[in-house]
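# Structure for the following, please:
(chains A and B)
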Number of protein chains: 2
Amino acid sequence: MSTTHVTIREVALRDGLQIEDPISTEAKIELLEAIVATGVTEVEATAFVSPSKVPALADAPDFAKELKRFPEVAFSALAASPNGARRALDAGLTSIEYVVSASDSHSRSNVGRDTAAATAAIAEIAEVTHDAGATVEVIIATAWDCPFDGPTPPERVLRIVDAAVTAGSDRIAIADTIGTTTPGRVTSLLAQVRPEIGALPLGCHFHNTRGAGLASAYAAVLAGVSRLDASVGGLGGCPFAPGASGNIATEDLVYLLRDSGVAVDLDLDRAIAAAGVAQRLIGKQLPSALLRAGDRLHAPAHPS
Amino acid sequence: MSTTHVTIREVALRDGLQIEDPISTEAKIELLEAIVATGVTEVEATAFVSPSKVPALADAPDFAKELKRFPEVAFSALAASPNGARRALDAGLTSIEYVVSASDSHSRSNVGRDTAAATAAIAEIAEVTHDAGATVEVIIATAWDCPFDGPTPPERVLRIVDAAVTAGSDRIAIADTIGTTTPGRVTSLLAQVRPEIGALPLGCHFHNTRGAGLASAYAAVLAGVSRLDASVGGLGGCPFAPGASGNIATEDLVYLLRDSGVAVDLDLDRAIAAAGVAQRLIGKQLPSALLRAGDRLHAPAHPS
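Below is the predicted model:
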């Protein structure tokens, strides 16, 4: 195994909530308290994007003010443009995620410009962020498949990787935005990405839409990825497909990694409890497996 | 990758149905027709066990008569004793699965005798089966965890493996009966089992109860397993835990393996269709991911 410790970044408050009906800032704080109690060290708190496009995150500046109550956690926020990054930095965030879609059609649909234009903005965002004493992570969306353009040629991913490395990105993440990838394709793409990024931390972001999210996450760990995004309860499923899975569930990932001999910072029981809070606040059954089945009864056996 | 082709054995008709309210033999035939249409080459048809303990499979002798209508498929049936194996052979089955629990408490609970006694019967079942010109597979249940005894020491699994090899078992399978294992533990146990079995075909049987079923299945393939059990729709969940996942879903497994560059015999669209038949006949939502999300829209990309 290439990785002995994985940093799980909790994304329920951003990716998990962004397509749900908006919940109050107070409800978000209740969920955040449950999330912080898990022992997680990194939390994606919100996004500084158009409030009209993502009403569920329209309270980003107000919510950002609450984050200082949890000094034990490193918070990040997503931005889709240099202006969004400036707003996040003004709100006190010290870790920025900048998303670039590797497919032109998704990029245009999402942010109104093609991949090359979005890639060209990496340098400005890195400069703005570093000037403010913050760090920036470039997240490459639709890295395996685009809902409009089909399979993404790996060269398109590698071009963004190279631009991110050149611009001084502090971290890089590869995202399966629509939940279509599988472990064999994860292994294949990461084998091409890894040599390009040197010692930069590499993360992955998977959705469980076709059941392969956890298998893909484990393949990524075997390929040397040390950072994985996950969402308590598996929050983040499509509201138009009842029961459809969203992000991989934090508690399911903790269980899988813990029992596979990969250290994580989160306590499983508390992650299950946080998933329960998320389910109550959202008011519908979430696709988490551990929330239903619970931990196994006995202590971990013959560790691998 | 250690395995370039995986034989999927469809178990919906046995493991999938055994805890459900009984459905008619006619309904089983309708499901079987949909299953055969997928192109699957092996189907676990039923079990010859106590009709009072498993009423859903009480029609085993009658159902067995229908199997000759599908000469393109190799059918098997499960037996828990030499007498059960004889009944299966008398009914025309030519492939017998004999289950031995690696934990004493599960073995006693399931068949009224401990692991050693159940292991001792392997030789008689192999003899009876081979005398009838049939083949036998020894399936080792509770191979990772027992609901009563906790984690299963690998030595207990290896003792059954050795007895099966000595008795001339034609195939061996390792089963995660209660859905608790994870890919790291799969890799670890299979590394101990593989050297003991020589050239015998090795299979695995996983449940997705804690979300790790497909990840465990892929780890098994990487470890050289060439046979995997799966159930259309993921049929086989616990009826007392709504939404709880049962066997790994055939269509989810086909999707994952196909896109990971591992050949399978089944057509994905027809596997999804068979899952739909299963869901209609059972009358409740099954935990399949592909049944909800469907195949991805575009042809497989840059194969690994």
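
# Every contact and neighbour count from this point should use C-alpha atoms.
Noted.

# Regarding the residue sitting nearest the centre point of chain A, what is its secondary structure?
When CA atoms, centre = their mean is applied to chain A, the residue found nearest the centroid is residue A:229 (3.8 Å). Recorded secondary structure, residue A:229: strand (DSSP: H, G, I helix; E, B strand; the rest coil).

# Relative to chain B, how far out is it?
Distance, residue A:229 to chain B, using CA to the nearest CA, to the nearest Å: 16 Å.

# The spatially closest residue to residue A:285 that is not a sequence neighbour: what's it in contact with?
Nearest residue to residue A:285, sequence neighbours excluded (CA to CA, 6 or more residues apart in numbering or on different chains): residue A:279, at 6.2 Å. Contacts of residue A:279 were listed using CA atoms under 8 Å, 6 or more residues apart in numbering or on different chains, and they are A:233, A:285, A:286.

# now those as JSON lines including distance to residue A:114, secondary structure and neighbour count?
Shown next, in JSON lines, are these (distance: CA to CA, whole Å; DSSP: H, G, I helix; E, B strand; the rest coil; neighbours: other CA atoms under 10 Å in any protein chain shown):
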{"residue": "A:233", "distance to residue A:114": "33", "secondary structure": "helix", "neighbour count": "32"}
{"residue": "A:285", "distance to residue A:114": "37", "secondary structure": "coil", "neighbour count": "17"}
{"residue": "A:286", "distance to residue A:114": "34", "secondary structure": "coil", "neighbour count": "26"}
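
# how about JSON lines for the residues you listed, with pLDDT added?
Formatted as JSON lines, those follow (pLDDT from 0 to 100):
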{"residue": "A:233", "pLDDT": "96"}
{"residue": "A:285", "pLDDT": "88"}
{"residue": "A:286", "pLDDT": "91"}
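
# Show me which residues of the helix or strand harbouring the residue nearest to residue A:285 are buried.
Using DSSP states H and E, residue A:279 sits in helix A:268-282. Using 16 or more other CA atoms under 10 Å in any protein chain shown as the test for burial, helix A:268-282 gives A:268-279, A:282.

# how about low-confidence regions in chain A?
Along chain A, segments meeting pLDDT under 70 span A:1-2, A:237-245, A:298-304.

# can you give me the helices for it?
A:25-36, A:60-66, A:82-90, A:104-111, A:115-120, A:122-131, A:154-167, A:183-197, A:213-222, A:250-259, A:268-282, A:290-293 (DSSP state H).

# Other residues contacting the fourth one?
Taking CA under 8 Å, 6+ apart as the criterion, the residues outside helix A:104-111 that touch it are A:80, A:100, A:101, A:113, A:114, A:115, A:118, A:142, A:146, A:147, A:148, A:149.

# so how many other residues sit close to the second one?
Which is residue A:100. 32 (other CA atoms under 10 Å in any protein chain shown).

# what do you get for the third one?
The tally of other residues near residue A:101 (other CA under 10 Å) stands at 29.

# thought it was touching residue A:147?
No. Counting by CA atoms under 8 Å, residue A:101 does not reach residue A:147; the two are 11.6 Å apart.

# Pull the contacting residues for the nearest residue to residue A:156 once chain neighbours are set aside.
Excluding the flanking residues, the one nearest residue A:156 by CA to CA, 6+ apart is residue A:102, at 5.8 Å. By CA under 8 Å, 6+ apart, residue A:102 lies in contact with A:115, A:140, A:141, A:142, A:143, A:152, A:156, A:157, A:160.

# could I get stretch A:97-109 in PDB with only the CA atoms?
C-alpha atoms of stretch A:97-109 as PDB (Å, rounded to 0.1, in the frame of the first residue of the first chain):
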ATOM      1  CA  GLU A  97     -10.200  25.700  -4.100                       C
ATOM      2  CA  TYR A  98     -10.300  26.700  -7.700                       C
ATOM      3  CA  VAL A  99     -12.200  24.400 -10.000                       C
ATOM      4  CA  VAL A 100     -11.300  23.900 -13.700                       C
ATOM      5  CA  SER A 101     -13.400  21.600 -15.800                       C
ATOM      6  CA  ALA A 102     -11.300  19.500 -18.100                       C
ATOM      7  CA  SER A 103     -14.100  19.400 -20.700                       C
ATOM      8  CA  ASP A 104     -15.000  22.500 -22.700                       C
ATOM      9  CA  SER A 105     -18.800  22.000 -22.600                       C
ATOM     10  CA  HIS A 106     -18.900  21.500 -18.900                       C
ATOM     11  CA  SER A 107     -16.600  24.400 -18.300                       C
ATOM     12  CA  ARG A 108     -18.800  26.700 -20.500                       C
ATOM     13  CA  SER A 109     -22.000  25.400 -18.800                       C
END
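
# buried sites along that stretch?
A:97, A:98, A:99, A:100, A:101, A:102, A:103, A:104, A:105, A:106, A:107.

# same thing with stretch A:168-179?
Applying 16+ other CA under 10 Å to stretch A:168-179 flags A:168, A:169, A:170, A:171, A:172, A:173, A:174, A:175, A:176, A:177, A:178, A:179 as buried.

# distance between that stretch and the chain's centre?
On the basis of CA atoms, centre = their mean, to the nearest Å, stretch A:168-179 sits 8 Å off its chain's mean C-alpha point.

# same question, stretch A:150-167
Counting by CA atoms, centre = their mean, stretch A:150-167 comes out at 18 Å from the chain centroid.

# Same check on stretch A:179-191?
With CA atoms, centre = their mean, you get 17 Å for stretch A:179-191.

# tell me which parts of the stretch 101-250 of chain A are close to chain B?
By CA under 8 Å from any CA of the partner chain, the residues of the stretch 101-250 of chain A that approach chain B are A:147, A:150-153, A:180-185, A:187-188, A:209-212, A:214-216, A:218, A:241, A:244-245.

# Try it again at 6 Å.
The stretch 101-250 of chain A has residues A:150, A:151, A:182, A:184, A:185, A:188, A:210, A:211, A:215 near chain B, with proximity defined as CA under 6 Å from any CA of the partner chain.

# ok, of these, which come out buried?
Buried among those by 16+ other CA under 10 Å: A:150, A:151, A:182, A:184, A:185, A:188, A:210, A:211, A:215.

# Would you format the residues you listed as JSON lines with distance to residue A:222 included?
Compiled in JSON lines, those are given as follows (distance: CA to CA, whole Å):
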{"residue": "A:150", "distance to residue A:222": "26"}
{"residue": "A:151", "distance to residue A:222": "23"}
{"residue": "A:182", "distance to residue A:222": "14"}
{"residue": "A:184", "distance to residue A:222": "12"}
{"residue": "A:185", "distance to residue A:222": "13"}
{"residue": "A:188", "distance to residue A:222": "12"}
{"residue": "A:210", "distance to residue A:222": "21"}
{"residue": "A:211", "distance to residue A:222": "19"}
{"residue": "A:215", "distance to residue A:222": "11"}
